[in-house]
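Participant: Quick one, structure for this:
(one chain, ligands or ions: 1)
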Amino acid sequence: MFSGPSENTGTVDMVMLYIVGVSVLLLVGITITMIYFVFKYNRKKGHKPVDIHGNVWLEILWIAIPTILVLSMFYYGYNGFVVMRTIPENAMEIKVTARMWEWKFDYENGKSSDTLYVPVGQPINLVMESVDVNHSLFIPAFRIKEDVIAGIKTHLGFTADEAGTYIITCAEYCGLKHSMMYTAVKALPLTEFNNWLEGKTEKQIIDESVSLLAEKLNVGLLHDKGCITCHSLDGSIKQAPSFLAINGRKTVILEGGEERTITVDDNYLRKSIMDPYSEIVKGYPAIMPEQKRMLNEDEVNQIIGILKALN
Ligand SMILES: [Cu+2]
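Facilitator: Here you go, the predicted model:
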């Protein structure tokens, strides 16, 4: 009955049910007794209320019962709290950084992610810090929550017992978009988690494939001639159009002040290299040095070949 995706889930749920249960029992018991007495000892039936003084047993009972009840609530609550606050020796440390308005999780091997990946069954120690305002990391399914503050490291421990995806949110009340700081804990079986941890991020994969491509194509020539100072190889825009997928691209050029749409081919590439000002791509400054006297025929052909292969 008291189980869930983490150890805390069961503990907190049990304490919650115990406290609510005791409260409901007292509420119902007292209310029923009160209504019963209203009818039974009604003045209209001739009853006259009498004060009771000095009943020792009654006084002991009404001090002892509530004290035991409240202390038992404290006992169960404290047990759950200790589980939550005790970080096991073998816990895996993950650094949590909160900022307006996102979470970042850093792993010991240098990997980082905006989703919290954890292996099932492994105790986790989140070491948390904010770079701006106060935040509060809340994982409802695990029943855990802790403030994340600038300049102070706070901790949160948990162990995910069941694989699955659980919501993480920011429970900080004050501020514009804390309520939109949603991300997730993904609890994975150990091997799957290790594959993820050792794997590469999407950006790393793209960066690597671009540099691999560059290597393959002997992009050295583009370096040597200074082309990539203004033309990127990865699609980003510097002072000039990117070389990525340039061959066959439809582009608007200005020719003597007139706009014209052309398709980039061998001829256009050659013309743009040798005589760049004759047809400038719309939206870019006319700053490219003429290559007429700087490249020989062989180099121009090589460059055109490289550009056409950058698709
Ligand atoms: Cu927040």
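Participant: Surely residue 103 is in a strand?
Facilitator: Yes: going by DSSP: H, G, I helix; E, B strand; the rest coil, the assignment for residue 103 places it inside a strand.
Participant: and it, what are its bridge partners?
Facilitator: Under the criterion DSSP bridges, residue 103 forms beta bridges with residue 98.
Participant: How about the contacts made by it?
Facilitator: With CB atoms under 8 Å, 6 or more residues apart in numbering as the criterion, the residues that contact residue 103 are 96, 97, 114, 116, 137, 168, 170, 181, 183. Bear in mind the C-beta positions are built from the backbone N, C-alpha and C, glycine included.
Participant: Assess the claim that the last one and residue 113 are in contact.
Facilitator: No: taking contacts as CB atoms under 8 Å, residue 183 lies outside contact range of residue 113: 9.2 Å.
Participant: what's the average pLDDT for the longest helix seen in the chain?
Facilitator: Identified as the longest helix of the chain according to DSSP state H is helix 7-40. Here helix 7-40 scores 92 as its mean pLDDT.
Participant: Who are the packing partners of the helix or strand following that helix?
Facilitator: Reading on from helix 7-40 to the C-terminus, the next helix or strand found by DSSP states H and E is helix 56-85. Packing partners of helix 56-85 (3 or more CB pairs under 8 Å, 6 or more residues apart in numbering; DSSP states H and E): helix 7-40, strand 154-159.
Participant: switch the cut-off to 6 Å
Facilitator: helix 7-40 (3 or more CB pairs under 6 Å, 6 or more residues apart in numbering; DSSP states H and E).
Participant: Tell me which residues of the helix it packs on come out buried.
Facilitator: With burial defined by 16 or more other CB atoms under 10 Å, the residues of helix 7-40 counted as buried are 7, 8, 9, 10, 11, 12, 13, 15, 18, 19.
Participant: angle of that helix against helix 56-85?
Facilitator: 160 degrees (axes from the mean of the first three to the mean of the last three CA atoms, to 10 degrees).
Participant: other SSEs contacting helix 7-40?
Facilitator: The criterion is 3+ CB pairs under 6 Å, 6+ apart, and the helices and strands that helix 7-40 contacts are helix 56-85.
Participant: quick one: buried residues of the helix it packs on?
Facilitator: Using 16+ other CB under 10 Å as the burial criterion, the residues of helix 56-85 that qualify are 69, 76, 77, 80, 83, 84.
Participant: which one of these is nearest the ion?
Facilitator: Among the buried residues of helix 56-85, residue 84 lies closest to the ion (CB to the ion), at 20.6 Å.
Participant: can you tell me which residues contact the closest one?
Facilitator: Shown here is residue 84, whose contacts under the criterion CB atoms under 6 Å, 6 or more residues apart in numbering are residue 8.
Participant: any idea how far residue 34 is from residue 125?
Facilitator: From residue 125 across to residue 34, the span is 50 Å (CB to CB, to the nearest Å).
Participant: Ok, residue 118 next?
Facilitator: Noted for residue 118: a distance of 51 Å to residue 34, by CB to CB.
Participant: What of residue 71?
Facilitator: With distances defined as CB to CB, the gap from residue 71 to residue 34 amounts to 26 Å.
Participant: What of residue 267?
Facilitator: In this structure, residue 267 and residue 34 are 98 Å apart, going by CB to CB.
Participant: likewise residue 207?
Facilitator: Here residue 207 is placed at a distance of 73 Å from residue 34 (CB to CB).
Participant: repeat for residue 122
Facilitator: Noted for residue 122: a distance of 53 Å to residue 34, by CB to CB.
Participant: One more: residue 155?
Facilitator: Distance of residue 155 to residue 34, given as CB to CB: 47 Å.
Participant: residues in contact with residue 264?
Facilitator: Here residue 264 is in contact with 246, 247, 249 (criterion: CB under 6 Å, 6+ apart).
Participant: hmm, which of these are the buried ones?
Facilitator: 246, 247, 249.
Participant: now those residues as a markdown table including distance to residue 291 and secondary structure?
Facilitator: Output for these, formatted as a markdown table (distance: CB to CB, whole Å; DSSP: H, G, I helix; E, B strand; the rest coil):
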| residue | distance to residue 291 | secondary structure |
| --- | --- | --- |
| 246 | 16 | coil |
| 247 | 18 | coil |
| 249 | 20 | coil |
